[in-house]
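Student: pasting the sequence and the predicted model now:
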Amino acid sequence: MSESVIGYLLFKKVVIEGANAISSPLTYGFPAITGFLGSFHAMSRRLAALKELDDLSLGGVLLACHECHPQIYRDKSYSNYTFNQTRNPIKKDGKTASIIEEGKCRLVMSFAVEVLGSNKPDEAKTEILVTKTKQWIQQQRMAGGSVQGIDRFNPVQFISYDDVDAITAHLLPAFVLIDAQEEFAEIIDEVQADNPDATPLDALIEVCVLHHIPEIQKNGDTKWAATSRKTGRGWLVPMPIGYQGISELYDAGVMQNVRNPEYPSQYVETIYSLGKWVYPQRLGGVYSEYDIANAFWRYHYDNEQNLYLVTQEPEF
């Protein structure tokens, strides 16, 4: 029988220290989605290696952020922020080691993860699943950071497929990251209507721009009005959603200095889009503004176009 979603694992208020706040060459603040999906993919491989749970696997991941604190500092209120970085040991000659330090952040996250299988697990298997995953999530890295804690009460629980709407109450208070490609397409059309030569990258930058426009009042005074392309569209954020291959796919062992030389390798560039932070209350059934079943991020590979993506589309 083919695998399908038979339930969800809910990890509540996972505290992550030292997560990588640099999500791409252009964006920072919240870690890249792939940093979380990779952690649960590693957990899924652990499931496959466990005899009692080898018929189960993990699928899409819903990301709910309770707290995000970039480790940044500025000495004056009008200065630019800089990342707090570690002072690494110097070399024997007294010079600083050539270590590229990453920007860090502290996170408090909740995750809902799809459990895939052919049959709904019984009570005994569910108990093993919850116990093992609670142990594993505290042992592994997430988005480059270390898991320092988890909720004291019901930190990990299994929710059946039919009770997916029950997840919403457990995510409060938080913001859930969803795909905002439709809003991005609208903004691209608006920007290109004003400037036909504008590119999607220009539209992405425009999302981050705050325009201050002077307005002359009747009494001759000048009043400054602030406008943004995001106005009325919610909390939009630029983010990476995957990679585009820019070279041929090399066989295993051909490309030098790669992390996993036992797999084929390829040169890629980051693909950008828009995400949107929404309240969990807006994630309801199929008739609500956002369907919670479509709030799960999943991997997608397009062989013809050399695309390595994360998407919330069940069938891309």
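Tutor: Looks like it arrived, so ask away.

Student: alpha carbons only for contacts and neighbour counts from here, please
Tutor: Will do.

Student: per-residue pLDDT, the residue of the chain positioned farthest from its centre?
Tutor: Residue farthest from the centre of the chain, counting by C-alpha atoms, centre = their mean, is residue 219 at 49.8 Å. On the pLDDT scale, residue 219 is placed at 84.

Student: same check, this time on residue 156
Tutor: We have a pLDDT of 94 for residue 156.

Student: skipping adjacent residues, who's closest to it in space?
Tutor: Once flanking residues are discounted, residue 156 sits nearest to residue 11: 4.7 Å by C-alpha to C-alpha, 6 or more residues apart in numbering.

Student: ok, now which ones touch that neighbour?
Tutor: 110-112, 150, 155-157 (C-alpha atoms under 8 Å, 6 or more residues apart in numbering).

Student: which members of the residues you listed are positioned in helices?
Tutor: If you go by DSSP state H, these have nothing in helices.

Student: circling back to that earlier point, any idea how far residue 152 is from the residue nearest to residue 156?
Tutor: According to C-alpha to C-alpha, to the nearest Å, residue 11 stands 11 Å off from residue 152.

Student: please apply the same query to residue 130.
Tutor: Distance from residue 130 to residue 152, by C-alpha to C-alpha: 14 Å.

Student: also residue 274?
Tutor: 34 Å.

Student: out of those two, which sits in the more crowded spot?
Tutor: More neighbours surround residue 274 than the other of residue 274 and residue 152, with 20 against 9 (other C-alpha atoms under 10 Å).

Student: what's the spacing between that one and residue 209?
Tutor: Distance from residue 274 to residue 209, by C-alpha to C-alpha: 14 Å.

Student: give the other helices and strands that the strand or helix carrying residue 275 contacts.
Tutor: Using DSSP states H and E, residue 275 maps to strand 268-278. Contact partners of strand 268-278 among helices and strands, from 3 or more C-alpha pairs under 8 Å, 6 or more residues apart in numbering; DSSP states H and E: strand 175-179, helix 181-194, strand 235-245.

Student: tell me the most buried of the ones you listed?
Tutor: Highest mean neighbour count among the helices and strands packed on strand 268-278 (mean count of other C-alpha atoms under 10 Å): strand 175-179, with a mean of 24.

Student: show me what it is in contact with.
Tutor: Contacts to strand 175-179, defined as C-alpha under 8 Å, 6+ apart, come from residues 62-66, 274-280, 295, 311-312.

Student: OK, contacts around the closest residue to residue 210 other than its chain neighbours?
Tutor: Distance criterion C-alpha to C-alpha, 6+ apart; nearest residue to residue 210, sequence neighbours excluded, is residue 228 at 5.2 Å. Residue 228 is in contact with 207, 209-211, counting by C-alpha under 8 Å, 6+ apart.

Student: inside strands: which ones of those?
Tutor: Those of the contacts of residue 228 mapping onto strands are residue 211, per DSSP state E.

Student: PyMOL command to pick out the buried ones of the contacts of residue 228?
Tutor: The following PyMOL line selects those of the contacts of residue 228 that are buried, judged by 16 or more other C-alpha atoms under 10 Å:
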select buried, resi 207
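
Student: pLDDT weak spots in the stretch 51-200 of the chain?
Tutor: Within the stretch 51-200 of the chain, the set of residues satisfying pLDDT under 70 comprises 100.

Student: which stretches in it count as strands?
Tutor: 57-70, 72-73, 82-83, 104-117, 141-142, 145-149, 156-160, 175-179 (DSSP state E, counting those that start in this stretch).

Student: adding distance to residue 95, write those out as TSV.
Tutor: Output for the strands of the stretch 51-200 of the chain, formatted as TSV (distance: least, C-alpha to C-alpha, whole Å):
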stretch	distance to residue 95
strand 57-70	28
strand 72-73	25
strand 82-83	21
strand 104-117	24
strand 141-142	30
strand 145-149	28
strand 156-160	47
strand 175-179	43
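
Student: quick one, which of the ones you listed is nearest to residue 235?
Tutor: Residue 235 lies closest, by C-alpha to C-alpha, to one member of these: strand 175-179, at 9.9 Å.

Student: dump that closest one to CSV, restricted to CA.
Tutor: Provided in CSV are the C-alpha atoms of strand 175-179 (Å, rounded to 0.1, in the frame of the first residue of the first chain):
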residue,chain,number,x,y,z
PHE,A,175,3.0,33.1,14.1
VAL,A,176,2.9,30.4,11.4
LEU,A,177,5.0,30.8,8.2
ILE,A,178,3.0,30.3,5.0
ASP,A,179,3.7,30.7,1.3
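
Student: how far off centre is that strand?
Tutor: A distance of 9 Å separates the centroid of the chain from that of strand 175-179, by C-alpha atoms, centre = their mean, to the nearest Å.

Student: partners of it in the sheet?
Tutor: Looking at strand 175-179 with DSSP bridges, its partner strands are strand 57-70 (antiparallel), strand 268-278 (antiparallel).
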